[in-house]
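Enquirer: pasting the structure only:
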């Protein structure tokens with residue numbers, strides 16, 4: 001019996017939970033890991049200049065402290081699947097929450113620059129775990145009829161986390177009189193900004209105790225009765241629970257555990273489809289999107305914007321990021337992945353080119369001329385909007401769909417690793433590049449945005465409306 005026939009027998013495809021609100025709560029709680037991901041990615045934005053001043057370090061050293069969290073993310077993401085398969089998805093979430101809480105406290109109370117860097121690695125490891133476990137858990141728990149919509153909670157939580165962190169930073173900066181090193185509760189303002197991360201970390205941990213373990217994991221460790229109870233809870237009592245459990249067991253037995261060796265072949269080490277996935281990941285980062293979230297306050301201050309206003313602009317950028325993400329979620333299944341990617345690339349080229357032009361002008365009294373200043377600000381928002389409505393969402397959709405079943409897991413792992421490395425490269429290089437020539441830095445990002453257009457046209461195939469079994 002095929003998996004489709006088995007699903008039909010169990011009624012899984014038509015399953016509708018009796019309490020949809022409860023299922024939404026479960027997915028939202030799991031997506032809190034995405035919120036932490038977004039919050040951590042952006043909260044450091046409010047501390048960059050204060051860290052530079054407190055420890056009297058140059059741009060290169062500063063960049064390593066900011067970017068080093070991404071090394072932890074890569075390690076956490078690489079090990080999360082194996083940990084979750086051994087001890088369960090919920091325990092993995094709880095470990096992530098504990099590590100993130102410890103990281104937040106350590107980052108807020110560092111003794112020196114080296115231990116601040118260490119705590120950022122710890123936090124990065126926690127984020128890497130959460131970024132992998134959240135989507136996997138939601139996919140395993142969500143009823144098939146709602147899986148796509150509930151799965152989008154992860155990306156929504158990330159962009160909301162970015163926005164909330166920018167808003168909190170702006171509020172704390174105002175409370176400290178506009179000075180990142182101003183005193184708040186006996187600490188410098190930037191320390192409080194990092195310490196506030198304790199709140200969502202603890203909330204994530206508490207929520208993990210309120211949601212059930214994945215039925216797939218429970219079945220894998222022989223706890224069939226508990227798996228039936230949870231399946232009834234999330235898919236309703238109109239399905240054949242015995243057939244549903246058998247369906248999951250059969251799917252797990254027939255799964256091919258892809259390995260790195262499966263990816264090898266072709267003219268250049270990897271199979272061509274793997275290189276396309278790596279290319280998508282690299283282009284997503286090499287347009288400089290994370291500069292907008294890690295360094296935007298520093299960027300605006302470098303061209304004469306008041307510190308408080310720079311934090312406000314960082315917040316409005318994060319709101320635009322949410323708007324763009326919602327647009328992508330609405331149109332990705334209607335318009336298709338490739339058209340959205342191409343539209344986004346064109347929009348990013350325009351936004352980045354205008355920023356490069358504006359930053360090419362000399363500062364007057366420490367500020368950009370008015371026309372160039374407003375152009376830079378508007379162009380930055382245009383860039384983030386077009387990224388969010390396209391590459392921010394579409395790349396993850398592509399990576400989840402484009403690989404053949406036989407190599408999907410391993411290929412996705414390589415592509416995700418390429419994304420972390422590219423993210424690190426951009427994050428670590430920006431301060432030094434900006435010191436060298438800010439306008440030229442944005443020209444580089446513009447070139448990568450432009451190159452993404454022929455890359456998509458020539459190498460990326462549309463996956464809209466195709467079954468995963470058709471990929472090859």
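Expert: Great, that's in hand. Remember, it's a predicted structure, so these values are computed and weren't measured experimentally.

Enquirer: Tell me where the stretch 201-350 of the chain has helices.
Expert: Here the stretch 201-350 of the chain has its helices, by DSSP state H, counting those that start in this stretch, at 215-220, 224-235, 241-254, 272-286, 291-294, 296-302, 307-331, 337-359.

Enquirer: Format those as a markdown table; extra columns: mean pLDDT and mean neighbour count.
Expert: The C-beta positions use only the backbone N, C-alpha and C, and glycine is treated the same way. A markdown table is the format used below for those (pLDDT from 0 to 100; neighbours: other Cβ atoms under 10 Å):
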| stretch | mean pLDDT | mean neighbour count |
| --- | --- | --- |
| helix 215-220 | 86 | 21 |
| helix 224-235 | 84 | 19 |
| helix 241-254 | 77 | 16 |
| helix 272-286 | 91 | 21 |
| helix 291-294 | 80 | 24 |
| helix 296-302 | 78 | 23 |
| helix 307-331 | 85 | 20 |
| helix 337-359 | 95 | 22 |
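
Enquirer: Take those helices and lay them out in JSON lines including distance to residue 99.
Expert: Below are the helices of the stretch 201-350 of the chain laid out as JSON lines (distance: least, Cβ to Cβ, whole Å):
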{"stretch": "helix 215-220", "distance to residue 99": "20"}
{"stretch": "helix 224-235", "distance to residue 99": "26"}
{"stretch": "helix 241-254", "distance to residue 99": "29"}
{"stretch": "helix 272-286", "distance to residue 99": "25"}
{"stretch": "helix 291-294", "distance to residue 99": "21"}
{"stretch": "helix 296-302", "distance to residue 99": "27"}
{"stretch": "helix 307-331", "distance to residue 99": "25"}
{"stretch": "helix 337-359", "distance to residue 99": "34"}
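
Enquirer: Ok, which of these comes nearest residue 182?
Expert: Residue 182 sits nearest to helix 307-331 of all the helices of the stretch 201-350 of the chain, at 10.2 Å, using Cβ to Cβ.

Enquirer: Helix or strand with the lowest mean pLDDT in this structure?
Expert: Within the chain, no helix or strand scores below helix 3-10, which has a mean of 49 by mean pLDDT, DSSP states H and E.

Enquirer: Tell me which residues are up against the very next helix or strand once past that one.
Expert: Sequence-wise, the next helix or strand downstream of helix 3-10 (DSSP states H and E) is helix 20-30. Outside helix 20-30, the residues within contact range by Cβ atoms under 8 Å, 6 or more residues apart in numbering are 17, 93, 133-134, 137-138, 141-143, 146, 150, 153, 157, 207-208, 210-212, 233-234.

Enquirer: got the buried residues for helix 20-30?
Expert: Neighbour-count burial for helix 20-30 flags 23, 24, 26, 27, 28, 29, 30 (criterion: 16 or more other Cβ atoms under 10 Å).

Enquirer: which residues in the stretch 1-150 of the chain form helices?
Expert: Here the stretch 1-150 of the chain has its helices, by DSSP H, counting those that start in this stretch, at 3-10, 20-30, 32-43, 48-55, 59-87, 89-108, 113-141, 147-151.

Enquirer: Tabulate those helices in TSV, adding columns for distance to residue 459.
Expert: Output for those, formatted as TSV (distance: least, Cβ to Cβ, whole Å):
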stretch	distance to residue 459
helix 3-10	31
helix 20-30	33
helix 32-43	28
helix 48-55	36
helix 59-87	25
helix 89-108	34
helix 113-141	25
helix 147-151	25
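
Enquirer: tell me the most buried of those?
Expert: helix 32-43 (a mean of 27; mean count of other Cβ atoms under 10 Å).

Enquirer: in this protein, which helix has the most residues?
Expert: Scanning the chain for the helix with the most residues, using DSSP state H, yields helix 408-459.

Enquirer: what separates that helix from the chain centre, distance-wise?
Expert: Helix 408-459 sits 15 Å away from the centroid of its parent chain (Cα atoms, centre = their mean, to the nearest Å).

Enquirer: swap in stretch 448-463?
Expert: Distance, stretch centre to chain centre, for stretch 448-463: 21 Å (Cα atoms, centre = their mean).

Enquirer: Which of the residues in that stretch are classified as buried?
Expert: Those buried within stretch 448-463 under the rule 16+ other Cβ under 10 Å are 448, 449, 450, 451, 452, 453, 455, 456, 460, 463.
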